[in-house]
Every structure is written in C-alpha cells, then in structure tokens.
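Colleague: coords please:
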Amino acid sequence: MKKLTQATWEEIFAPIDADEILYSVMPLEEDGTCEPLVPYLITEESIEQECFAPITPILKWAGGKSQLLSQMVPHFPASFENYHEPFLGGGAVFFFLAPTKGKKSWLSDVNAELINFYQIVHDQIAAFIATVCAFDKRYRAASHETQKILFYQIRNLDRTLDFDDMPPFQRAVRFYVLNKTAYNGLYRTNQKGQFNVPWGRYNRPSLCARQQLFDASEVLRRFSVWLKNTSFEAVLENAKPNDFVYFDPPYVPLSATASFTAYTPEGFNAEAQKKLADVCYELDRRGIQFMLSNSDTTFIHDLYAKFNITKLQARRSINCNGNGRGPISELLITNY
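Modeller: Take a look at the predicted model:
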C-alpha cells in the first residue's frame with residue numbers, strides 16, 4: 001500500500017452544489033431523464049390490511065434483527081401506546097413497527113455518532129444523499145489500493161485534534177461510509193474512543209442507496225420520532241404504562257473471543273447487564289411492556305427467571321471464518 005497521508009474531510013468528500021442536492025432525490029435514468037424518488041406512503045387502509053412494505057435498515061449492524069423479525073413478530077404486543085428502543089443500533093425493529101404501532105417513538109443509544117447520523121438523515125437527507133453518492137462514484141472508480149487508502153484516511157479523521165469540532169453533517173457522512181466499508185459493518189472503538197475496525201475489502205459497497213435512505217428519512221420525520229444520545233436507564237424517565245420497550249443490548253459473550261461489545265470505550269460488562277435487568281424489573285412493576293434480546297446463557301436465564309423466555313434460532317453474523325456463521329440459539333424475554 002502507498003504511504004498513508006492525513007487528509008481533511010473536505011479533501012476526501014468533494015463539495016456538493018445546490019443542483020447536486022436537488023438531483024440527489026431525483027436519480028438519473030439510463031436515458032438521462034430524472035424521476036423523483038417515491039415518497040414512503042402509509043395509508044389507513046394499508047395499515048388496517050397490513051400490506052405495507054417495512055423499511056429496510058440503512059446500516060449494517062452487529063446483532064441487527066432483520067433476519068430474526070419473522071420469529072419475533074408473534075411475540076410483539078398486540079397494542080401499545082408509545083415505542084421505546086434504548087439500544088437503537090441498526091433500528092430493524094423500529095423500522096418494522098413504526099408504520100403500524102405506537103403513537104410516538106423514543107429512540108436512543110449511548111453511541112453519539114450513531115444518534116448524530118440518524119439526526120442528519122432526519123434533517124438533511126437531500127444533501128446527505130448527494131454527498132455519499134458523489135463519494136460512492138469516486139470510491140467505485142478507484143483501484144483496490146486507493147480504496148484502502150481512502151478508508152484509512154476517513155477512519156483516521158478521529159485521530160486529528162479538530163475532530164471534536166467537526167460539524168455534525170460531516171461526522172454523519174464519515175460514520176455512514178465507515179459503516180459500509182469497514183469489516184462486517186462492525187462499530188468498535190478503542191479506549192480513546194477512536195474507531196478501530198479494519199477495512200472490509202468490499203469492491204462495491206452499497207453507499208448510494210438513494211431510495212433506502214430517502215424512505216428511512218421519511219419514516220423518521222413522519223412518525224413522531226425522538227432521538228437522544230443517552231444510556232438505557234433514561235427509559236425510566238420517559239416510558240409510561242401501556243408503552244412498549246424493546247432492549248437489544250450488547251450480548252453476553254458465549255466465549256472469551258466472542259465479545260463484540262466495545263461500541264463505546266466503556267464496553268458492556270456483567271455489571272451493566274445486571275443494571276439493565278433492574279430496569280426491566282422496574283418497568284414491569286410500573287405496568288410497562290418490555291421485550292429483551294440476549295444470548296442463551298445461564299447468566300441471562302437466571303437474571304430474567306421471573307419472565308417469559310423464548311428461544312429463537314439466529315445466524316451468526318460476525319466471524320472471521322465464514323464457515324463459522326451457523327445457527328445459534330438466543331433468547332427473547334418478555335413480561336406480557
């Protein structure tokens with residue numbers, strides 16, 4: 001690889017003008033004509049008949065629930081007032097439930113970069129799409145070696161002195177590009193809070209997913225969403241009786257090498273798991289419905305012995321050896 005040089009955000013991502021922002025939501029057809037993206041539309045009739053198309057999550061995320069939704073659906077509550085998801089991550093459950101369930105969604109995560117990303121998708125989707133699609137064109141045209149250099153230049157932006165002053169929009173673009181180009185879409189930081197996942201070696205990552213990004217923005221803007229960078233304990237301040245809370249915390253590792261819980265420098269250890277269980281018991285005492293996912297271990301069985309425990313069959317999504325990504329049992333815990 002060529003010698004890696006430090007680059008600024010502006011040097012990596014080309015400036016976008018007003019016309020490019022406009023056309024970001026009007027993708028070009030092969031004949032050069034433009035057709036606007038189709039707004040995500042939910043009608044009362046489609047909700048009643050349950051014939052809507054759920055939104056696909058816009059991030060790759062370790063432990064994401066897209067592949068488990070079909071097993072989880074029978075266990076969702078029949079009705080509830082508001083929805084809360086304190087470990088938002090890729091948001092697969094939120095994007096599935098948002099069109100048909102609940103009046104308001106309280107979405108939070110301790111990962112500040114993640115929440116900032118969703119806020120920008122909510123607020124500035126046209127400029128965001130234009131920027132990532134322009135970079136996508138450059139990245140795809142680059143050689144394998146240059147792609148690797150670009151990745152590490154983007155990753156290393158948080159090693160610079162002025163990273164804390166980087167505008168939210170620029171941080172969101174960086175976060176999204178790293179999510180699509182890092183190994184397995186994994187988010188992990190070192191003790192300094194610096195992103196340290198290696199390059200994923202993907203030749204054609206799905207950066208320029210215009211319709212998918214546009215749909216997600218529509219849902220975030222149309223379904224009374226509240227976004228907050230905060231810990232899971234804050235759910236006790238916002239959840240009310242008849243609300244529904246879904247917890248998808250970092251899982252208890254099944255082995256010494258199976259832990260991918262370093263989404264923040266603090267990680268998520270056994271003590272944090274016990275605090276989360278305390279929150280669940282308090283929600284139950286207040287008459288608030290909750291569902292929690294975690295690994296199938298004796299520790300988790302013992303923590304939640306009072307509640308309903310169901311085993312689901314999941315597929316490992318992170319393993320350095322592709323042959324090791326087979327089915328594995330995990331737990332779904334509810335108090336209703």
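Colleague: please, which helix or strand holds residue 173?
Modeller: helix 168-181 (DSSP states H and E).
Colleague: tell me the helix or strand right after that helix.
Modeller: helix 210-222.
Colleague: need the helices for the stretch 1-150 of the chain, in chain order.
Modeller: 9-12, 18-23, 44-49, 69-72, 92-97, 112-123, 125-141, 144-155 (DSSP state H, counting those that start in this stretch).
Colleague: ranking those by mean pLDDT, which is last?
Modeller: Lowest mean pLDDT within these: helix 44-49, a mean of 49.
Colleague: which SS class is residue 268?
Modeller: coil (DSSP: H, G, I helix; E, B strand; the rest coil).
Colleague: Three-state assignment for the residue lying closest to it once chain neighbours are set aside, please.
Modeller: The spatially closest residue to residue 268, leaving aside those adjacent along the chain, is residue 250, at 4.0 Å (CB to CB, 6 or more residues apart in numbering). Where you see a C-beta, it was placed from the backbone N, CA and C, and this is true even at glycine. In three-state terms, and counting by three-state DSSP, residue 250 is coil.
Colleague: could I get the pLDDT score of residue 250?
Modeller: Predicted confidence (pLDDT) for residue 250: 94.
Colleague: and it, how many neighbours?
Modeller: 23 (other CB atoms under 10 Å).
Colleague: separation between it and residue 62?
Modeller: For residue 250, the distance to residue 62 equals 9 Å [CB to CB, to the nearest Å].
Colleague: and the residue lying closest to residue 251 once chain neighbours are set aside, what is it in contact with?
Modeller: What sits nearest to residue 251 in space, not counting adjacent residues and going by CB to CB, 6+ apart, is residue 295, at 4.2 Å. Neighbour list for residue 295: 251-254, 330-331 [criterion: CB atoms under 8 Å, 6 or more residues apart in numbering].
Colleague: what subset of those is buried?
Modeller: 251-252, 330-331 (16 or more other CB atoms under 10 Å).
Colleague: so can I have a markdown table of the residues you listed showing distance to residue 203?
Modeller: Formatted as a markdown table, the buried ones among the contacts of residue 295 follow (distance: CB to CB, whole Å):
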| residue | distance to residue 203 |
| --- | --- |
| 251 | 31 |
| 252 | 35 |
| 330 | 32 |
| 331 | 37 |
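Colleague: ok, these vs residue 289, which is closest?
Modeller: The shortest approach to residue 289 among these belongs to residue 331, at 17.1 Å (CB to CB).
Colleague: pretty sure the closest one is in a strand, no?
Modeller: Yes. Using three-state DSSP, the assignment for residue 331 is a strand.
Colleague: is it bridged to anything, and to what?
Modeller: residue 294, residue 311 (DSSP bridges).
Colleague: on the pLDDT front, check it for me.
Modeller: In this model, residue 331 carries a pLDDT of 98.
Colleague: and if you look at residue 262?
Modeller: pLDDT, residue 262: 52.
Colleague: the bottom helix or strand of the protein by mean pLDDT?
Modeller: helix 44-49 (a mean of 49; mean pLDDT, DSSP states H and E).
Colleague: hang on, the earlier thing: format the helices of the stretch 1-150 of the chain as JSON lines; extra columns: distance to residue 185 and mean neighbour count.
Modeller: Output for those, formatted as JSON lines (distance: least, CB to CB, whole Å; neighbours: other CB atoms under 10 Å):
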{"stretch": "helix 9-12", "distance to residue 185": "20", "mean neighbour count": "14"}
{"stretch": "helix 18-23", "distance to residue 185": "27", "mean neighbour count": "14"}
{"stretch": "helix 44-49", "distance to residue 185": "31", "mean neighbour count": "10"}
{"stretch": "helix 69-72", "distance to residue 185": "18", "mean neighbour count": "15"}
{"stretch": "helix 92-97", "distance to residue 185": "13", "mean neighbour count": "23"}
{"stretch": "helix 112-123", "distance to residue 185": "12", "mean neighbour count": "20"}
{"stretch": "helix 125-141", "distance to residue 185": "15", "mean neighbour count": "19"}
{"stretch": "helix 144-155", "distance to residue 185": "13", "mean neighbour count": "17"}
